[in-house]
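Engineer: curious how this folds, go ahead:
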Amino acid sequence: MSFKDLKLNRPLLRAVAEAGYDNPTLVQEKTIPLVLDKKDVIVSAQTGTGKTASFALPILRLLYDRQEASSKKGKKIKALVISPTRELASQIQENFKTYSSYTTLSSYAIFGGTAIEPQKEILKKGIDILIATPGRLLDLHKQDIINLDYVETLVLDEADLMLDMGFVDDVKKIERLCPKEKQTLLFSATIPYKVEQLANSILNNPKRIEVTQNASTSKNVNQLLYYTPKKDKIELCLHLLRQTIKGNIVIFRRTKYGVEKLEQTLLKNGFSAASLHGDKSQTLRQEALTNFKTKKVNILIATDVAARGIDIKDLDAVVNFDLPNIPETYVHRIGRTARAGKSGMAYSMCSADEKLYIKDIEQLIGLQLQVIEDHPYLLDPKAKKEVHKSPNKSKYKKGRKSEASKKKKKRWY
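Structural biologist: Okay, here's the model as predicted:
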């Protein structure tokens, strides 16, 4: 299938071709026709699947035939995209800007952490498509700067992260501020119960699309596991960066404090590193991301929330400094490397208190991670005993063994 088969018009096809897109991805093939038919849609798709284009291109196509004169005066917001983070909002805006380059349609992104007055000035002039984080949108709406009465399409991007960040009430309020008769599109890496509840409350007979593969990882990612005491993780990380891990690297930590601590340690040891987390200003976050993408630094340390949805190309390795307690997050993390047929590396450091996370991850992906014991910061064999078992054997235990497993699980939480 080509983009021509998706009923996109010439200006969009020209922009897509210049952006280097050859053929639509699976999520684009499935989603674009439904959006053009004005259906409500729920899409389960992870970063890297092309989901932004799957809603941006049909929105632009629907608005194109009714685009106003080149003057921006009098334009009303007809499409609204809600994004949980500043980085995501900025990235979505860049995509809209690229795809609409041969139209007179205008788009703009607003988010906190930056001056509000310049945003007010642009909004007063009028735009067709608004990308926004919930807090800043409601703030400007309260000041009568934003009018959502003309919204025809509402997009909720990264819905699971949005709800995890506590935006559920804001999202519901924004939905109520839009016209009742509108098209609603919901995109999420996963569809947990709370996302399902939200979808049921605001979408109208939605079509469902699932293109993610939460239970699998790319065969091109070499996944290595290092057992080590928690107190030795930083030393092990330094050792691996000196001896083993090369290229462009993203290191995931669980907390903002952990990100800061590791960044300072790496800088003191002569490494070129930058960091992303929620407490940094938008300017500093954008600077860190830009420096990494332009290879001024080769190591980016981030929390899952800060890195969610950010598209980073040519990533050589992912390091799980702190293992995620949600196995799907592990799949999401390492899926950032080995794209477009390339190979990649995933390094995970596991302390004794994280051993059950490994069991959950292996059960999900149906693969046993390769344990590396040739390093100077090994976990005490007693602490590691019976940690590593084949998921195929442990998943379906019955009787006494199952009860013993439950008791052991309690002991580690």
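Engineer: for the rest of this, base every contact and every neighbour count on C-alpha atoms.
Structural biologist: Fine.
Engineer: helix, strand or coil for residue 347?
Structural biologist: The three-state label given to residue 347 by DSSP: H, G, I helix; E, B strand; the rest coil is strand.
Engineer: now it: how far from residue 240?
Structural biologist: Per CA to CA, to the nearest Å, residue 347 is found 9 Å from residue 240.
Engineer: and the two? which has more neighbours close in?
Structural biologist: residue 347 (23 against 14; other CA atoms under 10 Å).
Engineer: measure that one to residue 293 for me?
Structural biologist: Distance from residue 347 to residue 293, counting by CA to CA: 21 Å.
Engineer: so where do the strands sit in the chain?
Structural biologist: Taking DSSP state E, the strands of the chain run over residues 41-44, 79-82, 107-110, 129-132, 153-156, 183-188, 207-210, 221-227, 249-252, 273-276, 299-302, 317-320, 344-350, 370-371.
Engineer: make CSV out of those and add distance to residue 176.
Structural biologist: Shown next, in CSV, are the strands of the chain (distance: least, CA to CA, whole Å):
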stretch, distance to residue 176
strand 41-44, 18
strand 79-82, 13
strand 107-110, 20
strand 129-132, 16
strand 153-156, 11
strand 183-188, 12
strand 207-210, 21
strand 221-227, 44
strand 249-252, 36
strand 273-276, 33
strand 299-302, 34
strand 317-320, 40
strand 344-350, 43
strand 370-371, 50
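Engineer: who wins for proximity to residue 138 among these?
Structural biologist: Of all the strands of the chain, it is strand 129-132 that lies closest to residue 138, at 9.5 Å by CA to CA.
Engineer: which residues touch the closest one?
Structural biologist: 77-83, 89, 92-93, 105-111 (CA atoms under 8 Å, 6 or more residues apart in numbering).
Engineer: 6 Å instead?
Structural biologist: Residues outside strand 129-132 that contact it (CA atoms under 6 Å, 6 or more residues apart in numbering): 77, 79, 80, 81, 82, 83, 89, 107, 108, 109, 110, 111.
Engineer: chain center to that strand: distance?
Structural biologist: In this view, strand 129-132 has its centroid 18 Å away from the chain centroid, taken as CA atoms, centre = their mean, to the nearest Å.
Engineer: now do it, average pLDDT.
Structural biologist: Per-residue pLDDT over strand 129-132 has a mean of 98.
Engineer: adjacent strands (with direction) for it?
Structural biologist: If you go by DSSP bridges, strand 129-132 pairs up with strand 79-82 (parallel), strand 107-110 (parallel).
Engineer: dump those to TSV, plus distance to residue 13 and mean neighbour count.
Structural biologist: TSV is the format used below for the strands paired with strand 129-132 (distance: least, CA to CA, whole Å; neighbours: other CA atoms under 10 Å):
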stretch	distance to residue 13	mean neighbour count
strand 79-82	20	24
strand 107-110	18	23
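Engineer: of those, which is nearest residue 21?
Structural biologist: Taking CA to CA, strand 107-110 is the member of the strands paired with strand 129-132 nearest to residue 21, at 21.1 Å.
Engineer: about what we covered before: ok, which of the strands paired with strand 129-132 comes nearest residue 187?
Structural biologist: Nearest to residue 187, of all the strands paired with strand 129-132, is strand 79-82, at 10.4 Å by CA to CA.
Engineer: residues contacting the closest one, please?
Structural biologist: By CA under 6 Å, 6+ apart, the surrounding residues in contact with strand 79-82 are 129, 130, 131, 132, 133, 151, 152, 153, 154, 155, 156.
Engineer: farthest-apart pair in those residues, please.
Structural biologist: Within the contacts of strand 79-82, two members stand farthest from each other by CA to CA: 133 and 152, at 18.4 Å.
Engineer: between the two, tell me which one has more neighbours.
Structural biologist: residue 133 (25 against 21).
Engineer: for the more buried one, give me its contacts.
Structural biologist: Per CA under 6 Å, 6+ apart, neighbours of residue 133: 82, 83, 84, 111.
Engineer: could you do residue 292 as well?
Structural biologist: Contacts of residue 292 by CA under 6 Å, 6+ apart are residue 298.
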